[in-house]
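Novice: could you work out the structure for the sequence below:
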Amino acid sequence: MGNLYLVSKSLHIISIVAWMAGVLYLYRLFVYHSQETEAVVKKRFEIMELRLFQYITRPAAVAALVFGFWMLYLAPDLLKAPWMHAKLLLVMGLLHYTFFAKRYMRQLAAGTCKTSTKTFRILNEVPTLLLILIVFLVVLKPF
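Specialist: Alright, predicted model coming up:
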């Protein structure tokens, strides 16, 4: 593989690290936000969530997709591998999960969120499970 592929792969990995950090922290903020009772603190969480989503999580997710597609463009044979199909399915799940957070942000800001703190704690673990599965698929290429 050429240097261009390795550059795209490096940028893809960097983007994924930022994306995962954003998603994990965003759902952790939801845990704290959902149990808060003081209005001023709730407003602070809204600002933190919005900034995290707009300036880190969403741009990193988009960058990860762009660099991932760039890698596939440079090495189209990867699309023939069944493990890549599984990986892309999990990435679509992670992408959906990331943008589903926007719904929770709106509900928490409006005070209409019915999701419990316990549920948010469970939801906070989902990206980690997806990450583990994706990494094992990419490294082990099991099928």
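
Novice: and the next element down the chain from the longest helix along the chain?
Specialist: Taking DSSP state H as the criterion, the chain has its longest helix at helix 3-35. Next helix or strand after helix 3-35 toward the C-terminus (DSSP states H and E): helix 39-52.

Novice: what comes into contact with that next one?
Specialist: 22, 25-26, 29-30, 32-33, 36, 105, 108-109 (CB atoms under 8 Å, 6 or more residues apart in numbering). (Glycine included, C-beta is placed from N, CA and C.)

Novice: just want the angle from it to helix 3-35.
Specialist: Helix 39-52 runs at 170 degrees relative to helix 3-35, counting by axes from the mean of the first three to the mean of the last three CA atoms, to 10 degrees.

Novice: ok, and what's touching the following helix or strand past helix 39-52?
Specialist: Next helix or strand after helix 39-52 toward the C-terminus (DSSP H and E): helix 58-74. For helix 58-74, the external contacting residues (CB under 8 Å, 6+ apart) are 1-2, 4-5, 8-9, 11-12, 15-16, 18-19, 21-22, 78-79, 91, 95, 98-99.

Novice: list only buried entries from the residues you listed.
Specialist: Applying 16 or more other CB atoms under 10 Å to the contacts of helix 58-74, the neighbour count classes 8-9, 11-12, 15-16, 18-19, 22, 91, 98 as buried.

Novice: want to throw those residues into a markdown table with distance to V139?
Specialist: Output for those, formatted as a markdown table (distance: CB to CB, whole Å):
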| residue | distance to V139 |
| --- | --- |
| S8 | 18 |
| K9 | 13 |
| L11 | 19 |
| H12 | 14 |
| S15 | 18 |
| I16 | 13 |
| A18 | 20 |
| W19 | 18 |
| G22 | 23 |
| V91 | 15 |
| T98 | 23 |
